[in-house]
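Peer 1: Next come a sequence and a model predicted from it.
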Amino acid sequence: MAVVPAKKPVTKIPEWSDITPEFTERCVFMDILGLENCGKTTLALSAPGPIGILHGGEKVRGVANKVVRENPGKVIRDFKYGFAGTGVATTDKPLAEPVWAKVKANYTAALNDWARTVVLDTGHLFWEMARLARFGILNPKGNRMDALWGPVNHEVRSLLQSQFRNQSRCNVITIHPLGDEYVDKVVNGEQKSVKTGRTVRKGGFKEIPVIADVVVRMDRTEAGDYQATITKGWFNTAVEGIPLTAEFMQDLGFSGLNFSSIMAYITEQPEEEWSK
């Protein structure tokens, strides 16, 4: 029997396309920042489903249970992963590799096959797993740092940027914690780390603020309500820096403080276009 040669994969080469007056994008890369218990995951899960959330914490399931309970018919699927290392690179690297391989496979399948929104809670853990699988430790040192870090940077950049940009049906949302900012100062003749009074992003892939179309910071008001501030507004910088609450958004005619209302506010498109 003659052996039939396997078909070679065909690469789809993009063509020129005309830009129309109408803004037609309906998927976005959003990065959400905030301190603990400020509504980061709640905002992410208000995005349209089906949602695939890759996470490393039990609290996510409590929030997700509530979202599903309050939105009958909404589909949320979760993949919980994590890694308890020994601190020995030669031991941890082979243990981390299959975990990272599964994370990548599930992310890619959700993005390309079934999800309308993929959430990484947190992006910090996603970046940690990439480094542990590559190096066995989080911060390796070497004589050629560009050569050392180049491959893992490229791998994560390809997942978060190239794969996302090569499709037009699925949102990607990363969640990152904020923490106190410290600077080194000399106090009474000794060098110490001193709080600046500001909060900054803690960990995560450093290119995400550049890759993301939209960056939202979550806080709480004095009354304890969630408040969002758009710090990167895609192509609409006029919306940046304005504190958004549910009451404020409702006064503007939106349903409240959620993913679709924020995206409608930024893009000046009907809210229902971002909730489909």
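Peer 2: Good, I have the coordinates. Numbers count the residues shown, from 1 in each chain.
Peer 1: Check M1 and give its pLDDT.
Peer 2: With respect to pLDDT, M1 scores 52.
Peer 1: ok, now K7?
Peer 2: Reported pLDDT for K7: 60.
Peer 1: what does stretch 230-250 contact?
Peer 2: Here stretch 230-250 makes contact (CB atoms under 8 Å, 6 or more residues apart in numbering) with 28, 31, 33, 209, 212-217, 221, 225-229, 255-257, 261-262, 265-268. Quick note: C-beta positions are derived from backbone N, CA and C, even for glycine.
Peer 1: And for stretch 114-122?
Peer 2: Contacts of stretch 114-122 (CB under 8 Å, 6+ apart): 40-41, 44-45, 47-57, 60, 77, 107, 110-111, 126, 169-177, 203-204.
Peer 1: From those, which land in helices?
Peer 2: Cross-referencing those against helices under DSSP state H gives K40, T41, A44, V60, Y107, F126.
Peer 1: I figured the first one hits M218, correct?
Peer 2: Yes: between K40 and M218 there is a contact at 5.1 Å, judged by CB atoms under 8 Å.
Peer 1: Neighbour count: those two, which is higher?
Peer 2: K40 (27 against 23; other CB atoms under 10 Å).
Peer 1: any idea how far the more buried one is from V210?
Peer 2: 20 Å (CB to CB, to the nearest Å).
Peer 1: same check, this time on G123
Peer 2: 13 Å.
Peer 1: go on, L125?
Peer 2: 20 Å.
Peer 1: Under the pLDDT cut-off, which ranges of this structure? List them.
Peer 2: Scanning the chain for pLDDT under 70 picks out 1-11.
Peer 1: what bridges to the residue nearest the centre of it?
Peer 2: A centroid search over the chain (CA atoms, centre = their mean) returns T174, at 1.1 Å, as the residue closest to the centre. Applying DSSP bridges to T174 yields these beta-bridge partners: D31, L120.
Peer 1: quick one: it and E207 touch, right?
Peer 2: No: using CB under 8 Å, T174 is not in contact with E207; the gap is 11.2 Å.
Peer 1: Check the contact lists of these two and give me the overlap.
Peer 2: Contacts common to T174 and E207, judged by CB under 8 Å, 6+ apart, are L160.
Peer 1: Understood, closing this out.
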